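Engineer: Structure of the sequence below:
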Amino acid sequence: MASTRGSSAPSPAGGDGETSLEALALAKVAEAADAIAAAASAGEVVRALHAVAALLFPVDSAAVAGTVEEPFRTLIIEALNLSDDERESWRCAFYHGPAFPTMSKILLGSKCTRQTYHYVAVKWLRKVHASARNEIYDSFFVKGPPTEVIQALVPALSEKEDSKEDHRAFCLNLERLLILCLLDNKGVSQILAEFTCCSKHGNDVLKPDKTMLVSRVAQLLASVPDKARLGASGALASTSFFKNVVSQLLAGAEAATVQLAADKDATELCALSSVFLFVGEVLSRVSRRGSTGILVAELIPRIRNHLHRCVPSDHKAISPEMMQHVSQSQFWFNVVEAMRDQHSIERLTEELLRQLASQHISDEEAYWILWTLFNQSFKRLTVMRSMFVDKFLLWKTFPLCCLRWILHYAVFECPPNSTTETLMQRTPDFFGTLQSLVSIWSRKEFVQSHSVEQQAYITAAIGLCLEKLTKKELETTKDVLNSILQGVSCRLESPIELIRKMASAVALTFSKVVDPKNPLYLDDNCCENVDWEFGVLSSKEIKAPLHAVDSENKPKSRENKRNAGEKKAKAIKSDVPDVRAKIVEIKSVDCDQMSDTVMNGKFEEEECDEDSMNIDASRDSSLEPYDLSDDDTDLQKKFSHLSDLAAALRKPDDPDGVENALSSAEKLVRASPDELRHNSGDLVRALVHVRCSDLAMEGEEDSAEEKREKALIALLVTCPFESLDVLTKLLYSSSVDISQRILIIDVMTEAAQELAETKILKTEQRRGSLITDNSPSWLVPSNRGPSGAGPWREVSEPGTLLSWSHRYEREVPSRSGQVKSGKSRKWGLGKAKDLQLEWSKNRFPLYAAAFMLPVMQGYDKRSHGVDLLNRDFVVLGKLIYMLGVCMKCVAMHPEASALAPALLDMIRSRDVSQHAEAYVRRSVLFAASCILISLHPSYVASSLIEGNQDISTSLEWIRTFALQVAEADPDTECTSMAMTCLRLHSEMALQTSRTLESADHSKTGRGLPTKLDSIIIPFGNVMK
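Structural biologist: Below you'll find the model as predicted:
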């Protein structure tokens, strides 16, 4: 093995003289080895090592001799001193022949030398003085060729010692030498200098053996952090080690390039030299080992300094000619191409873009950094161009500033903000890239199957490309117009606001290209300058918003919906409550705040302040005349009958009458007249079919659309069954359009929440002072009893989760000579519930079945005007969301256990749970989460005990479905909701298991304790 390594490096001498000198060097090593093996003291070891070291290095013999005793001191001082030329010849023969590999094994303590020699590192090194160690031990590694030294040190890291103490000493010495040679003495720079020397002497043609040597040295260098033990010095950790290595590598390679550039012949072979091969190998291996960030962090400041060096002081802008005249540029032009590992290049480029974005580099500087590093390989290698144009534009996602840099470098092929940018003719590659982007962007499958971040990224790329186009250039493109129109159309149908915003931005930019004087604004929020970040392509992090939908579930401040398109675009509120308590909001009213009217079952009404109603005659305002002129509101017809109201709504030719009827509808319905039950159905139909005209001034009063919704909600709340009977039939009727179906679902959602608005009213009935403040507690038994009895303490009742009574027990000593079971005395509050009155106002459970069951029938049927599973997926998503809200409203009620199986059957359908639209999948996850938080754990436990497999199968499906979505769904919001669903499922499983354990515990009888010195007397639940 030693001879193989030696032959791989050239020797300065040649012929028989070289061979004989190598043989002499090996003989000297053998003499030293024999002396070390027979040594009885550290002085003999020092003398043997000095005899070899003096042939290779200028050793301070006097200093070494001062560390040992006679007779070794005299032998060291009298040792032969060679000239510099002689030492150089010995040095070449020693390191490039078999002598050094053999000597290194003796010095380090390789396993193959242990049977023959007492190796130095473990037995003798600790006994050698530090000054002598530096001169005659460390010098073999520090002053030797680094390519040979690294091949001796790094493989030894993998060896194991028999003794733990020996292994620690062995590793400590190895780590010390590695730090000394590679880090403290700049070993990486020395390796580059060695390769540079070979290049200048014309010995750098990459033969197979030389290529193997370079690759082996690079592999050993990059493997040091992996081979170092866990307790090794921090300097050998990957972060600090690679930081030091890369710093030496970049500085040394830049200096080596300058030296090679001075020789014209060497410059021609620069790209093929072993210097660049070594640099490329090391950088690739560092990147492969997960330290790309460290590499880029060292690279960025150096290349920025190089760019500043290339720009003269009297110039502000940089040009390619300026860079080519700087000798160091040859290194930066070739460094990426030298890496050769495409995966490492891709990782380095990606990390480079992200770090440049985080440092807020200007667009011009970032462009020239990319041009410097990649321009040479970008022109010659197809794979490099494919990385920028295909992977970085179509598959990856970067901050917006990085996207601009990629487009300017790889697509526009000109620096940003330059004078030539507007004058340059677009290349065929530009139009080909634009065509590729819009063809992918226009597909509906792309909208359905890709994340919001990816869609925003490609949308921004298209927009930035369109901004560079002229109308004449656009006319030369093929199918770009059709693709853009198709992509805008499919995005405007999306219920997700961010997707619609992308369509509006592209449409606006495209319209400016076609007709700059007439821009097309599809959204009221559109600005003249489009923000292509869309809120998700920031330089800090790329993250889809957790709430990427636009509507919020606020019944008293609803968004004004002007047409069917906007109506269809409304999205569900996809918030999934974090805890079970948030599902049914309970507002407790303190008993002290209750008035006497509430105590009697009446609701207290607001009383007018009589003082505020009195007119102060002393004020000047009381002398002003009254305005007795007729007002338009005074002339409007006042409705007092629901039949008149419905008739007015059916007169489309009288818009004022329709508006007046809408204004009066809610108030009249909530008054609950006697005719409500008989006329509610007719009024519901009239309200659904009325065509609202937005006549109200925005910001002053509710629009006609909002008044219609409030009237329908009032009908559902005051007369649920009759109103639901009409609405559920209209939902799938061919006589209504998609906006009316969404209206029906919206009002059902709002009405369910209003019916379920829960308040728990607590009052305390006090019948007089039965006890005084000084009286002892009457809930706790008296302290009377036998001497030695312990104090009473409250204990929980096993097997019950909630009890109105209290249970106490205490220890009583048993009588001497008597073993007897303890007697129990019961003490409690027989009618504790009498002290509190409690009632709930949640009226929704009574109507839950009427809300849910009819609409769950027929959702999958396709008929004239109805196609929920495909075309009308927005209606399907809102329908599932409404059903989830209904489950929230019956949480912990018996109705939840009855309705949950039907809803589970609906959402488990493959057409629903695996729907192509993320909007529907979000609704399914929301409904599944609502089911989990609505079912009482005792119901799940009882179902399992009774052997009901349906509920367990359904709950297991929820878990499996949520796992699949969390792992593979492209929509970020879906994955977030799936994680919440999994957490709720685990909480449900925990509560169910506790209920099962409690049930098992309650069935188990309690036996008599075996320890009888103290008997626990239970104090019962019911007072007798």
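
Engineer: now the strands: where do they sit in this protein?
Structural biologist: Assigned by DSSP state E, the strands in the chain fall at 586-589, 758-764, 793-795, 807-813, 825-826, 836-840, 1014-1020.

Engineer: contacting residues around the residue nearest to residue 939 when sequence neighbours are not counted?
Structural biologist: Distance criterion C-beta to C-beta, 6 or more residues apart in numbering; nearest residue to residue 939, sequence neighbours excluded, is residue 897 at 4.5 Å. C-betas here are computed from N, CA, C, even on glycine. Residue 897 makes contact with 935-936, 939, according to C-beta atoms under 8 Å, 6 or more residues apart in numbering.

Engineer: Worst mean pLDDT among the strands of the chain?
Structural biologist: If you rank those by mean pLDDT, strand 586-589 sits at the bottom with a mean of 34.

Engineer: Poorly predicted segments of the stretch 901-1024 of the chain, please.
Structural biologist: Along the stretch 901-1024 of the chain, the model assigns pLDDT under 70 to residues 999-1024.

Engineer: Let's see that with 90 instead.
Structural biologist: 937-953, 991-1024 (pLDDT under 90).

Engineer: Pull the number of nearby residues for residue 169.
Structural biologist: By other C-beta atoms under 10 Å, 18 other residues sit near residue 169.

Engineer: Does it touch residue 126 like I think?
Structural biologist: Yes. Between residue 169 and residue 126 there is a contact under C-beta atoms under 8 Å: 7.4 Å.

Engineer: Give me the common contacts of those two.
Structural biologist: With the criterion set as C-beta under 8 Å, 6+ apart, the contacts of residue 169 and residue 126 do not overlap.

Engineer: can you pull the buried residues of the lengthiest helix in the chain?
Structural biologist: Criterion DSSP state H: the longest helix present in the chain is helix 972-1003. Of all the residues in helix 972-1003, those buried under the rule 16 or more other C-beta atoms under 10 Å are 972-985, 988, 991-992, 995-996, 998.

Engineer: name the helices or strands packed onto it?
Structural biologist: Contact analysis of helix 972-1003 by 3 or more C-beta pairs under 8 Å, 6 or more residues apart in numbering; DSSP states H and E lists helix 452-467, helix 918-934, helix 937-945, helix 949-968 as its packing neighbours.

Engineer: And the second one, what does it pack against?
Structural biologist: Right, the one you point to is helix 918-934. helix 873-889, helix 894-908, helix 910-913, helix 949-968, helix 972-1003.

Engineer: For residue 491, give me its contacts.
Structural biologist: Counted by C-beta under 8 Å, 6+ apart, residue 491 has contacts 447, 499-500, 502-503.

Engineer: Roughly how far does it sit from residue 512?
Structural biologist: Plainly put, residue 491 is 18 Å away from residue 512 if you go by C-beta to C-beta, to the nearest Å.

Engineer: Could you do residue 388 as well?
Structural biologist: Residue 388 is 27 Å from residue 512, by C-beta to C-beta.

Engineer: can you check residue 849 too?
Structural biologist: Taken as C-beta to C-beta, the span from residue 849 to residue 512 is 55 Å.

Engineer: So the two - more neighbours on which side?
Structural biologist: Remark: of residue 849 and residue 512, residue 512 carries more neighbours, 19 against 16, as counted by other C-beta under 10 Å.

Engineer: excluding its backbone neighbours, what's nearest residue 77?
Structural biologist: residue 65 (5.0 Å).

Engineer: you'd agree that neighbour is up against residue 73?
Structural biologist: Yes. Look at residue 65 against residue 73 with C-beta under 8 Å: they come within range, at 4.5 Å.
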